[in-house]
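sharing a sequence plus its predicted fold:
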2 protein chains.
Amino acid sequence: MRRLLLPLLLACSSPLAHAAEPPPQDPPAAASVAPAITRVDEASIARAVAMRDAAMERNEAWMLLESLTTEVGPRMAGTPGDAAGVAWAQRAFKGLGYDKVWTEPVTFPVWERRRETGAIVAPFPQRLVLAALGGSIGTRGPLEAEVIEFPTLQALKAARAEDVRGKIVFIGNRMGRARDGGGYGPAVAARVQGAAVAASLGAKALLIRSIGTSNDRIPHTGTAASLSELLRDPALAAKLERTRPNKLPIPATPIPAAALSNPDADLLSRALERSRPVTVRIDLDVGWKREDYTSANVIGEITGSERPAEVVVIGGHLDSWDLGTGALDNGAGVAITMAAGHLIARSGPRPKRTIRVVAFANEEQGIYGGRAYAERWKPEVEKHVIGAESDFGYGRIWRLDAAVKPEALPAIDQIMQVLAPIGVARGLPYAFGGADLSAMRAAGMAIAGLQQDGTTYFDYHHTPNDTLDKVDVADLNQNVAVYAVFSFLAAQAEGDFGSKAAAPPAPAPDRRR
Amino acid sequence: MRRLLLPLLLACSSPLAHAAEPPPQDPPAAASVAPAITRVDEASIARAVAMRDAAMERNEAWMLLESLTTEVGPRMAGTPGDAAGVAWAQRAFKGLGYDKVWTEPVTFPVWERRRETGAIVAPFPQRLVLAALGGSIGTRGPLEAEVIEFPTLQALKAARAEDVRGKIVFIGNRMGRARDGGGYGPAVAARVQGAAVAASLGAKALLIRSIGTSNDRIPHTGTAASLSELLRDPALAAKLERTRPNKLPIPATPIPAAALSNPDADLLSRALERSRPVTVRIDLDVGWKREDYTSANVIGEITGSERPAEVVVIGGHLDSWDLGTGALDNGAGVAITMAAGHLIARSGPRPKRTIRVVAFANEEQGIYGGRAYAERWKPEVEKHVIGAESDFGYGRIWRLDAAVKPEALPAIDQIMQVLAPIGVARGLPYAFGGADLSAMRAAGMAIAGLQQDGTTYFDYHHTPNDTLDKVDVADLNQNVAVYAVFSFLAAQAEGDFGSKAAAPPAPAPDRRR
């Protein structure tokens, strides 16, 4: 059955060009000599098949995730859970028999959530369930004001300051459900830019409808401050500069910002439909600590037997938001990639190249771990033969995107031969690859996107509901199989995938989370 | 299509005996003369059919529920929301053109929830999401103790005091999902009796796994104290008497009691599986006020044209728990029955008998409204020709149970003719009929159980997630159709349904909620 699929799949895999996202406008320069084709030997393919089937029978990622969520729980950057997570990851790598385990420091400012409440005060007094957005400044006691609703961020941007000034802005945009999570990007702009835009119009605070797809009365947090976003709009950034409180870390919002649970967003909209003014009170005891915190990227390696300095890098971020236990975002990614490395190690002799698994620090509040990693390893980008990152929860991998050089596509086709029987289809010729590896990608690293099914991911993402019970053990096994097969075969390949130091300075990574 | 179903349905409806729950052991005494058969005239049937079809096109119950949940929200007994709910119900009855609208006082002690937190302290510090159970005493500051887990209430009852003394008891029993909500009864005993049993063994506090069917990280509250439950076990009641704090209202628990969300119950179980002791801290700032509160049953009547003193009583409880907005429990029941009465009134001349719709006070904390109603109206139980209560959320009605005299079964068959096309099947020859009418039922009132589909009800029941978005407007319309048809045809029937003053004093109503 599995073998029967191969001819069809091979026929479908066209020789797509190497490209970063978005697809390139210019064709690659013609080489003066025919370039070598990247391929994998048949014995390695056979070992990958066995590894894949073994992964589907083991529950190692689930056991790691069960341990992490039970013994550590939430791992928000700069909290005791962050330190506990770093210690756990070191213990886990060592316990799994990784050849080398080390940490690399990552320093960042620390945001705290202490207490948060909200309520409609008039005309219909009712509690509102909300969560401060990460990076929000506090309200310094109760803040009470009339609410003005905008259906979208775009509508807010088009508003007149005299209509907004002194009010609480409420952006009601709804996120759509999709397997690839495609509803997130359009919706999350309200969370990332909303406070800055509202502040530039004189608003006192920002409320958004949660960026999530469920109707649970549970709010979705996430960062509200992204200077890189703002810098795309210099006029807005200039306005913001005038309103930004002094001496706060860069990611601080200019005004307090929180997300309502979706039923509470409905409620507020219904109140506004029938009566004006509607007055809301929010009380956010949150904010930034004075001192930076130094956490760590935790790295485990299965050392290559022939080319140990060349690495296939996989991983995910170890930090989480504080509300849940970080099972989906992103304990799963850490557990999947840790288990994949271990599976490779126990399946036979060490691979030719090194398998490096990175548990990144503080992705959620600004990709600090990914940027620190790139800062340290960018000079060796050509030795990072390819990377792939797991940061989309628990769903099965259904598509493999690959941003590799054209000559490496035969090796990708070989990887696809092994993965197709477990539900993975050939995807796009470019890949985002994940936030943590985005700086390395920008620096020139070849990257694969192992796309997980995210149909229900945003029901739980960044909420208290991000807990172990949402995770299916068989789904995690499939993810482990894909990561193990992919990274093992990449490590075995004769020839590279096109990693090459980027000529211009790398652009600032996208800090949206 | 609709008509085609009739012969089959009529063939299936056997002449079942009049019975309270459980089915009677003794056959009814033989009558000396052949009793009159209760039947409905064909014109009334035709009007009921038109009413049913009209209901399916209208959205009145949904609009009432939208108004109640938006403009009032939670209506916990004795809170400002209770008073706002009573005022809303009076306005709503009047706005719908009910012929008479009045209130009847209901007095009860008041329980307050102010603040509640929980955490695993050691060995794995983590937040626990919990909600105090209704009636719980407070902890008077943080209470920290080792946890001992029992899989069921039965296991706790079998425990030795020396193993329990000084600990926090955790009962981990799981509620099963079922269309008829049949998983609730077996599971809820842990909530209702757990604190008393644990206290009798010297425990410091009680935690339970939420009595609910979802895996949302949302706790389910509900009463933890039921003296009627305890009085079934005199030995336990005697032990409890010694531990009960003085001068507290009857429903107070002897020790603090709270429900963990189901993911938190999982977490605590996992911690206990791998490590002992596990220490938990709970801090419940909840408790009983010194002063009683007087709320009201709100009653609206469509006055009968021929026998106005004879009433068909329908309704639901207006109070809710505090965490959600009481959309499902039980705004829906109030909205459905209010809309049903209105539909009858606007569909033609006044019915022969009176349709009485009751929005009961404080069902959740001890059926105070239902008991007050019975206290007032029990002398007229024979004039309450039949009753039916809506208190199971938003699901479609799929079964009609009827505890009526055998001679009234032909009328029930006629009602079934009209209801079968909208998905209602003939049910049992006995009926619980709902908590609020349980005292009237015990006093001898004939009763029908219009069973709603409760497959997902306990995902949301007694949680913050009890909000309007869970309700489907078409489902509410079907409920209105069933209540309107049922109560109109009962009001039109020639002959009664067997209501008759019960000979012995009525047993204490079941106070489980």
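The structure has been received and is ready for your questions.

how about the residues of the stretch 401-513 of chain A by chain B?
A:463-465, A:467-470 (Cβ under 8 Å from any Cβ of the partner chain). Every C-beta, even on glycine, is put in place using the N, C-alpha and C of the backbone.

which residues in the stretch 201-350 of chain A form strands?
A:205-209, A:257-260, A:279-288, A:293-302, A:307-317 (DSSP state E, counting those that start in this stretch).

quick check: pLDDT value at whichever residue of the stretch 351-500 of chain A sits closest to chain B.
In the stretch 351-500 of chain A, the residue that lies nearest chain B is residue A:467 (3.9 Å; Cβ to the nearest Cβ). Per-residue pLDDT puts residue A:467 at 98.

phi, psi of it?
Residue A:467 has phi and psi values of phi -130, psi 160 when expressed as degrees, to the nearest 10.

that one and residue A:327 touch, don't they?
Yes: assessed by Cβ atoms under 8 Å, residue A:467 is found in contact with residue A:327 at 5.3 Å.

and the stretch 1-150 of chain A, which residues reach chain B?
The stretch 1-150 of chain A comes close to chain B at residues A:66, A:69-74, A:80, A:124-127, A:129, as judged by Cβ under 8 Å from any Cβ.

of these, which belong to strands?
Using DSSP state E, the members of the residues of the stretch 1-150 of chain A next to chain B that fall in strands are A:126-127.

tell me the one of the residues of the stretch 1-150 of chain A next to chain B nearest residue B:198?
Distance to residue B:198 across these (Cβ to Cβ) is lowest for residue A:70, with 24.8 Å.

now do the contacts for that closest one.
Shown in contact with residue A:70 (Cβ atoms under 8 Å, 6 or more residues apart in numbering or on different chains): A:468, B:124, B:267, B:270-271, B:274.

and the helices in the stretch 351-500 of chain A?
Taking DSSP state H, counting those that start in this stretch to define them, one finds helices in the stretch 351-500 of chain A at A:368-377, A:409-419, A:438-442, A:457-460, A:473-492.

about what we covered before: filter the contacts of residue A:70 to the buried ones?
With burial judged by 16 or more other Cβ atoms under 10 Å in any protein chain shown, the buried subset of the contacts of residue A:70 is A:468, B:124, B:267, B:270-271.

re the thing from before, in PyMOL, how would I select the buried members of the residues of the stretch 401-513 of chain A next to chain B?
Selecting the buried subset of those in PyMOL, with 16+ other Cβ under 10 Å as the burial test, is done by:
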select buried, chain A and resi 463+464+465+467+468+469+470
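
distance to residue A:224 added to the residues of the stretch 401-513 of chain A next to chain B, as JSON lines?
Formatted as JSON lines, these follow (distance: Cβ to Cβ, whole Å):
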{"residue": "A:463", "distance to residue A:224": "16"}
{"residue": "A:464", "distance to residue A:224": "18"}
{"residue": "A:465", "distance to residue A:224": "20"}
{"residue": "A:467", "distance to residue A:224": "24"}
{"residue": "A:468", "distance to residue A:224": "27"}
{"residue": "A:469", "distance to residue A:224": "28"}
{"residue": "A:470", "distance to residue A:224": "25"}
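
out of the residues of the stretch 401-513 of chain A next to chain B, which are inside strands?
Per DSSP E, these never map to strands.

between the residues of the stretch 401-513 of chain A next to chain B, which sits nearest residue A:37?
Nearest to residue A:37, judged by Cβ to Cβ, of those is residue A:470 at 42.4 Å.

in this structure that closest one contacts residue A:328, no?
Yes: with contact defined as Cβ under 8 Å, residue A:470 counts as touching residue A:328 (6.2 Å).

okay, and the common contacts of these two?
Listed as contacting both residue A:470 and residue A:328 by Cβ under 8 Å, 6+ apart are A:394, A:460.

which parts of the stretch 1-150 of chain A are helices?
Using DSSP H, counting those that start in this stretch, the helices found in the stretch 1-150 of chain A span residues A:2-12, A:42-55, A:60-71, A:80-95.

out of the ones you listed, which is the most enclosed?
Scoring the helices of the stretch 1-150 of chain A by mean neighbour count under mean count of other Cβ atoms under 10 Å in any protein chain shown gives helix A:60-71 as the most buried, with a mean of 24.

can you list the weak-confidence ranges in chain A?
Chain A contains residues with pLDDT under 70 at A:1-33, A:226-250, A:504-513.

try it again with 90
Scanning chain A for pLDDT under 90 picks out the ranges A:1-35, A:185, A:225-254, A:275-276, A:290, A:366, A:428-433, A:502-513.

of the residues of the stretch 1-150 of chain A next to chain B, just say which sits nearest to residue A:442.
Proximity of these to residue A:442, judged by Cβ to Cβ, is greatest for residue A:74, which lies at 29.9 Å.

okay, the closest one and residue A:132: tell me how far apart.
Distance, residue A:74 to residue A:132, by Cβ to Cβ, to the nearest Å: 15 Å.

neighbour count: those two, which is higher?
Between residue A:74 and residue A:132, residue A:132 has the larger neighbour count (other Cβ atoms under 10 Å in any protein chain shown), namely 29 against 25.

how about the contacts made by that one?
Taking Cβ under 8 Å, 6+ apart as the criterion, residue A:132 is in contact with A:113, A:116, A:221, A:256-258, A:284, A:286.

thinking again about what came up before, quick one, what contacts the residue of the stretch 351-500 of chain A closest to chain B?
A:69, A:324-325, A:327, A:460, B:215, B:217, B:263, B:266-267.

I'd like the residues you listed written out as JSON lines, with distance to residue B:492 added.
Shown next, in JSON lines, are the contacts of residue A:467 (distance: Cβ to Cβ, whole Å):
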{"residue": "A:69", "distance to residue B:492": "60"}
{"residue": "A:324", "distance to residue B:492": "56"}
{"residue": "A:325", "distance to residue B:492": "59"}
{"residue": "A:327", "distance to residue B:492": "58"}
{"residue": "A:460", "distance to residue B:492": "52"}
{"residue": "B:215", "distance to residue B:492": "47"}
{"residue": "B:217", "distance to residue B:492": "50"}
{"residue": "B:263", "distance to residue B:492": "51"}
{"residue": "B:266", "distance to residue B:492": "53"}
{"residue": "B:267", "distance to residue B:492": "57"}
